[in-house]
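**Student:** show me the folded form of this:
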Amino acid sequence: MKRLITTIILAALPVLASAAQPAGHGAAASNMRLVGASDLQGRTGFEIAITQQGQRWIAYVGHFGGESVNALTAQKEPNGTSILDVTDPHKPKYLHHIPSESRSLVAEGAGSGAQMVKVCAGKDLPKGDPQKFYMLRASGSSMHEMWDVSDPEKPLRIATVSDKLRTTHEQWWECDTGIAYIVSGVADWRVRRMTQVYDLSDPANPKFIRNFGLPGQEPTAPKAENPRFHDGHGAFSTGVQGNRLYFGYGNLGDGALQIVDRKKLLEGPAEPTPENLLYPQVSFMRIGRSQAVHAVYPLMGMEIPAFAKFGKGRVRDFVLVMPEAIENECKEEPQMLYVVDVTHEKEPLGVANFRVSETLGNFCTRGARFGPHQAQLNLTPIYHKRLVFVVWFNAGLRVLDVRDPYAIREVGYYIPATNKNTVPSCPGGERGVVAGHKETNCKVAIVTNAVEVDDRGYVYMVDRNNTGLHIVEPTGAARKLANFK
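**Tutor:** Model prediction:
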């Protein structure tokens, strides 16, 4: 059947309001179309991973804290990890939910879901069973754990990677080497979040390599006045071939980009002294007091068309830096995506930015957060160096033409409609009404939290405020820029 390639624009349609549920909004799209969706049992989505397992395509969705009824068991379960069959993206099939059983050691109390999730095939891992698939997830705020998901309907927990933590956050797992970089809160470190490095080449037998952070965050440093200054947000690894790790830092500001020599990190001295922590560092770039760097996306070896006739500098390296909008309804400085030229990586240079115009959707008064959060992680040839998909919280998914990183332009977007599961965002708290406060101007809006693409070209987006999973694909001008065969 011929695919629809016409640009779609849907006006924002009001949802009937009630005393308990403020009005929401309808869908809006340009050069993107909706393929399929799942309500994820009304759970709040944080991250998503897609993998091909045999003849099936399987989606793994990590959730924030809270609880919901599992329709497969009719039992109310704490939010954990949802597993769906998306072989037919028009009809996602919910296969299983793994509750989070972790108890937090900090303010979250009864755990905080299983936000982070990564998956590797055993055939890709140096010591994995070639017949199996493995899932690394952060369970609550206190541990990272390993699961055998070879049978997605019957996952089996096989190992604890790291536990007794104060908090957890982003993970990066190199499937070809088994090395994982996981953000943790280790009790004696002077910052709430830092990085632990593990060898997970044999998923059932995790091996600790080292702890890593910035000088001044190590256990022997003076106690920090601000335990979240330059908080670790996670790494993007270019693996053995690229030999670089790009770390993002910051929380409520204090953002920074760090470039690290991967080989030196893994093979250098591991004792966390200031000298040893600096040893693998290539460069460190502060992004700003008002910008926390939540995610990074490298664009290496970019040929710049406008530089074609120059004798030098025609091919350049870049990192897209994505701060995280924090406060609802724009009660902070404008948050935007920054383009950093790292061709001369010891002297990184900010050269451009991209921002979504607030006036396009009255995003500052719509409710919830407005600003960037994350880009896709899969560097599939269909899109890499051509299109980057970035989530912009209440402005949904934005599709960026990155062929010239000095002049990034938007070529499409998709903002899902709110639904009966979408919880309101209030000025006093991110999701719902904060205990003890009587919020009177809460609003229902999409809060798209994460995006991923699969090797077929489908784009997956999950919502922070319980709206579910949406599967979309590019059409029109956006599709023409992709490398579909």
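**Student:** and the nearest residue to P215 once chain neighbours are set aside, how far from V293?
**Tutor:** Spatially, and ignoring its direct neighbours in sequence, P215 is nearest to P274 (3.9 Å; C-beta to C-beta, 6 or more residues apart in numbering). No exception for glycine: its C-beta is placed from N, CA and C like everyone else's. Going from P274 to V293 by C-beta to C-beta, to the nearest Å gives 22 Å.
**Student:** sorry, back to before: pull the number of nearby residues for the residue nearest to P215.
**Tutor:** 14 (other C-beta atoms under 10 Å).
**Student:** test my guess that it contacts Q217.
**Tutor:** No. Between P274 and Q217 there is no contact under C-beta atoms under 8 Å: 9.6 Å.
**Student:** hmm, who's touching stretch 167-175?
**Tutor:** With contact meaning C-beta atoms under 8 Å, 6 or more residues apart in numbering, stretch 167-175 is reached by 104, 106, 115-118, 120-121, 124-125, 136, 138-144, 179-185, 192-193, 200, 232-237, 239.
**Student:** try 7 Å
**Tutor:** Identification of contacts with stretch 167-175 by C-beta atoms under 7 Å, 6 or more residues apart in numbering yields 106, 116, 118, 120-121, 124-125, 136, 138, 141, 144, 180-185, 192-193, 200, 233-237, 239.
**Student:** same check on stretch 68-75?
**Tutor:** 41-43, 76-77, 79, 94, 97.
**Student:** can you check stretch 78-94 too?
**Tutor:** 35-36, 38, 40, 43-44, 56-68, 72, 95-100, 111, 113-114, 117, 137, 152, 155, 458, 469, 471.
**Student:** tell me the buried residues in that stretch?
**Tutor:** 78-87, 89, 92, 94 (16 or more other C-beta atoms under 10 Å).
**Student:** alpha carbons of it, as CSV, please.
**Tutor:** These are the backbone C-alpha positions of stretch 78-94, laid out as CSV (Å, rounded to 0.1, in the frame of the first residue of the first chain):
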residue,chain,number,x,y,z
PRO,A,78,4.6,-0.6,40.9
ASN,A,79,5.9,0.9,37.7
GLY,A,80,8.9,-0.9,36.2
THR,A,81,9.6,-2.0,32.7
SER,A,82,7.0,-2.6,29.9
ILE,A,83,7.8,-5.0,27.1
LEU,A,84,5.9,-4.8,23.8
ASP,A,85,5.9,-6.6,20.5
VAL,A,86,6.1,-3.8,17.8
THR,A,87,6.7,-6.1,14.8
ASP,A,88,3.5,-4.6,13.4
PRO,A,89,3.9,-1.0,14.5
HIS,A,90,0.3,-0.3,13.7
LYS,A,91,-0.8,-2.7,16.4
PRO,A,92,1.7,-2.8,19.3
LYS,A,93,1.1,-5.8,21.5
TYR,A,94,1.7,-5.6,25.3
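**Student:** work out the gap between it and the centre of the chain.
**Tutor:** Computed by C-alpha atoms, centre = their mean, to the nearest Å, the separation of stretch 78-94 from the middle of its chain amounts to 18 Å.
**Student:** check stretch 34-44 too.
**Tutor:** On the basis of C-alpha atoms, centre = their mean, stretch 34-44 sits 17 Å off its chain's mean C-alpha point.
**Student:** what does stretch 239-247 give?
**Tutor:** The answer for stretch 239-247 is 18 Å, by C-alpha atoms, centre = their mean.
**Student:** distance between the ends of that stretch?
**Tutor:** Stretch 239-247 has its terminal residues 14 Å apart, counting by C-alpha to C-alpha, to the nearest Å.
**Student:** mind listing what's buried in that stretch?
**Tutor:** For stretch 239-247, the neighbour count (16+ other C-beta under 10 Å) marks 244-247 as buried.
**Student:** for the chain, which spans come out with low pLDDT?
**Tutor:** 1-22, 102-111, 428-440 (pLDDT under 70).
**Student:** hey, which strand is longest across it?
**Tutor:** Looking across the chain with DSSP state E, the single longest strand is strand 293-303.
**Student:** what are the pairing partners of that strand, and which direction each?
**Tutor:** Partner strands for strand 293-303, per DSSP bridges, with pairing direction: strand 315-323 (antiparallel).
**Student:** and the partner strand, what's buried?
**Tutor:** By neighbour count on 16+ other C-beta under 10 Å, the buried set for strand 315-323 is 316-323.
**Student:** same list, these, but as TSV with distance to M285 please.
**Tutor:** Below are the buried residues of strand 315-323 laid out as TSV (distance: C-beta to C-beta, whole Å):
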residue	distance to M285
R316	16
D317	14
F318	13
V319	9
L320	13
V321	9
M322	14
P323	13
